[in-house]
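[1] Pasted the sequence and its predicted model underneath.
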Amino acid sequence: MDSWKQMMEWKKFADQYLGQNFFGPYQQPEQAQSEHRNEKEDVDFPAVNIYEAGNELLCIAAIPGLDKAEDVDVYVDDRSIHLKGKTHLVGGKYKPTREEFGSGAFNREVVLPYRVRSDAIGATYKKGFLYVKLLRVPEEQQKPRKVDIRRFDD
């Protein structure tokens, strides 16, 4: 039996057990994925870097196109930072041919490496970057606390 005929027999056998379209036309993984999703939705925007020094965290978010402070909301809980807002980038008479950062609404939540205090938060926007400074919850407050259970079978 020649190798081509063996391969076709093998394909027929595989199709029978794995499904008719198992050996459909080949696509690169990114091509197949981009056909089934809106690529802008899957991009993490804004990009965020987190730095630490001692008991401080500095979160820097790249957010070009904010016109005023009211265009972005920053929410911090004990373990994450949530950025929500809207950017305004206008090319004037130019129409976009490629947009890696676009205009419009964004919504991003970033998990922090440890718990932070909610009473000591500072935020500044400068030259397209949002800087959020946070303080770590003291070690003694991070430890699990034993809870006393009262008798409940009375």
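    Good, I have the coordinates. Residues are numbered from 1 along each chain as shown.
[2] from here on, contacts and neighbour counts on C-alpha atoms
    OK.
[3] any idea which helix or strand of this structure has the worst average confidence?
    Ranked by mean pLDDT, DSSP states H and E, the weakest helix or strand in the chain is helix 29-35, scoring a mean of 41.
[4] Mind telling me what element F106 is part of?
    Element membership for F106, per DSSP states H and E: strand 104-111.
[5] just D67 next, same as before
    Using DSSP H and E, no helix or strand contains D67.
[6] swap in L57?
    strand 56-62.
[7] neighbouring strands for that strand, and are they parallel or not?
    strand 47-53 (antiparallel), strand 129-135 (antiparallel) (DSSP bridges).
[8] quick one: which of the ones you listed is nearest E100?
    Comparing those by their distance to E100 (Cα to Cα), the top pick is strand 47-53, with 11.6 Å.
[9] and the closest one, C-alpha only, in CSV?
    Taking Å, rounded to 0.1, in the frame of the first residue of the first chain, the C-alpha atoms of strand 47-53 are listed here in CSV:
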residue,chain,number,x,y,z
ALA,A,47,-1.7,49.0,30.7
VAL,A,48,-0.7,49.0,34.4
ASN,A,49,2.6,48.6,36.1
ILE,A,50,2.8,48.0,39.9
TYR,A,51,5.9,48.8,41.9
GLU,A,52,6.6,48.4,45.6
ALA,A,53,9.0,49.9,48.1
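[10] avg pLDDT for it?
    When pLDDT is averaged over strand 47-53, the result is 94.
[11] Now do the strand holding F106: everything it contacts.
    If you take Cα atoms under 8 Å, 6 or more residues apart in numbering as the criterion, strand 104-111 is touched by 44-46, 48, 79-88.
[12] try 6 Å
    S80, I81, H82, L83, K84, G85, K86, T87 (Cα atoms under 6 Å, 6 or more residues apart in numbering).
[13] so what strands line up beside the helix or strand just after that strand?
    Downstream of strand 104-111, the next assigned helix or strand under DSSP H and E is strand 122-126. Under the criterion DSSP bridges, strand 122-126 sits next to strand 129-135 (antiparallel) in its sheet.
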